[in-house]
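[1] My questions are about this predicted structure, shown below with the sequence.
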Amino acid sequence: MKISDIHGTEISILIADDVPEDLALLSGLLSDYGYSVRVATDGASVLQLVGSLFPNLILLGSLPAEMDNFQLCQQLKSDKRTNYIPIIFVNQMNDGVSRLQVFEAGGVDYIAKPLVPAEVLARVTQCMCMPRLPSSADNDDIANVINEACERKLRQLRWLFRKTIISMDQERKIFSQELRDEVFQLMSVIKLDAALIHGEAQAKEMNCKHLAGEVSTMANRAELYVQTIMERLYPLLLEELGLLGTLQQLVSDWESQIGTVTCSFSGQECVDNLDDWCQINLYRILQEALDNVALHVEVRRLDIIVESVEGDIRLTLKSDDEKTLKDIASFSRSTLGIRERVAAMEGRIMLSSDCGQGLLLQVVLPLSAHWH
């Protein structure tokens with residue numbers, strides 16, 4: 001994931017410094033992080049590049065004596081074409097006077113040498129999140145900058161949420177696999193011991209074979225309980241049955257558990273070709289949708305459809321029962337988790353339940369989005 005994916009556009013940074021080691025460190029660090037970097041080693045080169053490049057940010061380090069960085073900053077801030085470009089000073093900041101000069105000259109921040117990579121990234125990222133306006137900005141300029149800043153923040157939040165979901169699902173998968181291996185091995189040993197005890201008791205006409213049977217029964221129940229927990233953590237069936245088979249099994253298990261709803265499930269085999277990120281999210285969305293139906297919806301029949309439509313993946317839950325929702329507001333609030341996943345995947349969700357028209361919950365996920 002590049003920084004341009006978060007901001008929605010390429011971010012250019014001009015680095016000015018005449019210390020080769022510092023210039024190499026800064027340009028390498030920021031390039032690796034996804035920024036588009038240009039470098040300069042003197043004031044004249046800075047002015048020339050700024051006039052043609054108009055970068056999103058300037059890192060102003062040590063420069064030759066003919067023009068110090070404070071004078072250069074003041075010159076850039078006095079030009080209407082460049083006064084909106086934020087400037088971060090990168091210097092030895094040995095006293096309060098030097099730090100005060102940074103802000104008096106028009107700088108927005110400073111990074112003290114020797115450089116600490118984590119601090120450099122933190123200060124640059126923070127600066128890029130702050131909206132900037134030319135001094136001559138009118139109301140339209142202000143509105144545009146505010147809108148762009150809001151959209152950028154929204155992209156950042158969605159990116160962070162995607163990363164969080166991916167990390168959580170990966171951890172759940174690992175934990176579920178470890179739990180399955182450890183517990184099932186333990187349960188196999190317990191059941192084997194119970195069978196041996198039962199056999200010995202029967203051969204010697206002992207009275208403990210009933211207890212052995214109880215142990216075996218409890219082991220089976222514990223195994224089933226752990227299997228349920230694992231499926232809630234991560235659907236390992238995805239690796240065995242594929243997405244389509246796993247969704248069908250999920251619907252079948254839910255139907256058996258509820259007991260009062262008849263379900264039909266249909267899906268296109270093409271969904272099995274989706275990547276892991278999309279598959280686990282589709283599973284989670286349907287899982288949460290079914291849980292919400294059980295809590296807030298009164299239906300006799302529920303139709304679930306998974307299909308590819310015009311480059312999108314569409315998941316539909318619908319019921320034509322006249323008496324459907326117990327509480328539409330509660331049902332809508334309960335879909336918050338679904339909405340967050342859909343938003344993270346840049347999709348859309350539709351929920352409707354008109355009187356006498358039944359329930360329709362539809363989720364559309366675009367395959368063209370960069371999460372695919």
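    Nice, I can see it.

[2] all contacts plus neighbour counts: C-alpha atoms, from now on.
    Will do.

[3] Strands of the stretch 151-300 of the chain, start to end?
    For the stretch 151-300 of the chain, the strands defined by DSSP state E, counting those that start in this stretch occupy 262-267.

[4] quick one: low-confidence parts of it?
    Along the stretch 151-300 of the chain, segments meeting pLDDT under 70 span 152-168, 170-172, 174-184, 197-213, 223-234.

[5] So which residues of it form helices?
    Here the stretch 151-300 of the chain has its helices, by DSSP state H, counting those that start in this stretch, at 209-233, 237-258, 276-296.

[6] the domain parsing of this structure - what is it?
    As assigned by automatic domain parsing, the chain contains the domains 3-136, 138-234, 237-372.

[7] out of the helices of the stretch 151-300 of the chain, nearest to Glu21?
    Across the helices of the stretch 151-300 of the chain, Glu21 has its closest neighbour in helix 276-296 (40.7 Å, Cα to Cα).

[8] Now do that closest one: which elements does it pack against?
    Other elements packing on helix 276-296 under the criterion 3 or more Cα pairs under 8 Å, 6 or more residues apart in numbering; DSSP states H and E are helix 237-258, helix 328-334, helix 336-344.

[9] Average pLDDT for the shortest one, rounded please.
    For helix 328-334, the mean per-residue pLDDT is 70.

[10] And what about Val90, helix, strand or coil?
    strand (DSSP: H, G, I helix; E, B strand; the rest coil).

[11] wait, it sits on Ile111?
    Yes: the pair Val90 / Ile111 is scored as a contact, 4.8 Å apart, by Cα atoms under 8 Å.

[12] With neighbour numbers in mind, choose between those two.
    Taking other Cα atoms under 10 Å, Val90 and Ile111 do not tie; Val90 has more neighbours (24 against 21).

[13] could you list every residue that touches the closest residue to Asn83 other than its chain neighbours?
    Nearest non-adjacent residue to Asn83, counting by Cα to Cα, 6 or more residues apart in numbering: Lys77, 4.1 Å away. Applying Cα atoms under 8 Å, 6 or more residues apart in numbering to Lys77 gives the contacts Asn83, Tyr84, Gly106.

[14] quick one on the thing from earlier: CSV for the helices and strands packed on helix 276-296, including mean neighbour count?
    Formatted as CSV, these follow (neighbours: other Cα atoms under 10 Å):
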stretch, mean neighbour count
helix 237-258, 16
helix 328-334, 14
helix 336-344, 17
